[in-house]
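Sequence below, structure please.
(4 chains)
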Number of protein chains: 2
Amino acid sequence: MKEHLHKISLFVKNLDNEVLSVVQTISTTKHVKKGEYLLRHDEVCRHSYWIEQGVLRKFYVHEGKEHTTELLFENDIAVSLASYSLQKPGREYIQAITEAVVSQTDFASFQTAKKVYPQLMELDLLMTEYHAVWLEKRLYEFHTLDATQRYKLLLQEHPHILHTVPLTYIASYLGISLETLSRIRAKI
Amino acid sequence: MKEHLHKISLFVKNLDNEVLSVVQTISTTKHVKKGEYLLRHDEVCRHSYWIEQGVLRKFYVHEGKEHTTELLFENDIAVSLASYSLQKPGREYIQAITEAVVSQTDFASFQTAKKVYPQLMELDLLMTEYHAVWLEKRLYEFHTLDATQRYKLLLQEHPHILHTVPLTYIASYLGISLETLSRIRAKI
DNA sequence: CGCGGCATTTGACCTGCATCAAATAATCAG
DNA sequence: CTGATTATTTGATGCAGGTCAAATGCCGCG
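As a prediction, this is how the structure comes out:
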């Protein structure tokens, strides 16, 4: 995962100034309050959000229960891909779980810009590849690690997570009940 | 998922002939025998395989046990993304589970072609988006459906699967033991 | 300071699926 | 056709993690 991120940031570093300024033009900075939603179930995801500050989560509701699919931190990109890529309503919510600052990019504008600047098409590809590989990793972890191992790994990858993310969301992200998470924490 | 595939095939239909012929040039047809491997653990995935005929599977081995991550049919593309996108060794195997015919495209050549023909870059993006959305769907199903429901859904989406794919691989793909699959089938 | 409301823990019990072992059934070479 | 081999089923048992309920801790606030 590290290598992928490195490849992307290298690519961004080498972008032409013209391209960078175009991206600037079609993006706007947005301040969001804790608890605020950037996307709701059944809405079309018309923006991608580059997180400058704060923590967001992505989740869906199934049988009255929230399932957290992603926890998003600084420099992550929040977008509901299924909805975004086809511009049709999706099932996911995107919510700020702390005060946050995001750079919002409009889907349509970015689409147009990509046609004019192939570099942006390539960047989009790189980021989508990264997302796909991340999803594969997540599936892999669910199939090869038990709850305790997944919790430990999460702490390792995000040492500060306990300060910013409530245990409910962590449990949900790990795919376990709050009670089980509590027992895991008691044990360690 | 259907819409995504439709979008992709529409895009391919509208590709310039020049671009199509370039793709032809950098691809070669390959006949693979049942059981044959197109990729092994720790190898770099240097090709993508467009399946013209037959069935393949993608899997990895963890603690001596095979985990099937994908079952691939006609018109699917077999590639180990984590390995392919960074051209580094990966954990996955790709194996033919029936006699098969695939069109093999070289990574490096495709990379070059994409730079020359932005349409190919766009196509790659569309396919990668599709793959990512498919992975999200798979995660969703693991978290919201029990083993029986997943089995039924698989049959619904691939009615002929029982003819071509041994139960071992189906169980492994569903993330359950062979015994559990057998009990599910007895019950229905 | 004490109270109401939320977050977290603890306990008792349950269930889906894994594992191990053994019995059948299907397949195939000779 | 027959015995060996592999695929599938059936049975017995165990366990990770779920659910429900109750207890405890932790505020902010009047």
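
Around DNA strand C, pick out the residues from chain A.
Contact residues, chain A versus DNA strand C (C-beta under 7 Å from any atom of the strand): A:166, A:167, A:168, A:178, A:179, A:181, A:182, A:183, A:185, A:186. For the C-beta atoms, the positions are set from N, CA and C on the backbone; glycine is no exception.

Could I get the residues you listed in CSV, plus columns for distance to DNA strand D, neighbour count and secondary structure?
Output for these, formatted as CSV (distance: C-beta to the nearest atom of the strand, whole Å; neighbours: other C-beta atoms under 10 Å in any protein chain shown; DSSP: H, G, I helix; E, B strand; the rest coil):
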residue, distance to DNA strand D, neighbour count, secondary structure
A:166, 12, 12, coil
A:167, 12, 12, helix
A:168, 12, 13, helix
A:178, 8, 14, helix
A:179, 4, 9, helix
A:181, 8, 20, helix
A:182, 9, 13, helix
A:183, 8, 14, helix
A:185, 13, 13, helix
A:186, 12, 7, helix
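
Which residues does stretch A:39-49 contact?
Under the criterion C-beta atoms under 8 Å, 6 or more residues apart in numbering or on different chains, residues A:30, A:38, A:56, A:60-61, A:77-80, A:83-84, A:87-94, A:102-108, A:110 lie in contact with stretch A:39-49.

Pull out the buried members of these.
Among these, those buried by neighbour count (16 or more other C-beta atoms under 10 Å in any protein chain shown) are A:38, A:56, A:60, A:78-80, A:83-84, A:90-94, A:102-105, A:107, A:110.

Specify the beta-bridge partners of the one residue sitting closest to the centre of chain A.
By C-alpha atoms, centre = their mean, chain A has its centre lying nearest to residue A:78, at 3.9 Å. With DSSP bridges as the criterion, residue A:78 is bridged to residue A:49.

Do a quick rundown of the helices in chain A.
Remark: helices assigned in chain A by DSSP state H are A:2-13, A:17-25, A:81-86, A:107-116, A:118-144, A:147-157, A:161-164, A:167-174, A:178-187.

contacts for the fourth one?
Defining contact as C-beta under 8 Å, 6+ apart, one finds that helix A:107-116 is touched by A:22-23, A:26, A:45-48, A:84, A:87, A:120-121, A:124, B:122.

hmm, 10 Å instead?
Residues outside helix A:107-116 that contact it (C-beta atoms under 10 Å, 6 or more residues apart in numbering or on different chains) are A:19, A:22-23, A:25-27, A:44-48, A:79, A:83-85, A:87, A:105-106, A:119-125, B:118, B:121-122, B:125.

between that helix and helix B:118-144, how many degrees?
140 degrees (axes from the mean of the first three to the mean of the last three C-alpha atoms, to 10 degrees).

okay, now the closest residue to residue A:58 other than its chain neighbours: neighbour count?
Spatially, and ignoring its direct neighbours in sequence, residue A:58 is nearest to residue A:70 (4.2 Å; C-beta to C-beta, 6 or more residues apart in numbering or on different chains). Counted with other C-beta atoms under 10 Å in any protein chain shown, residues neighbouring residue A:70 total 19.
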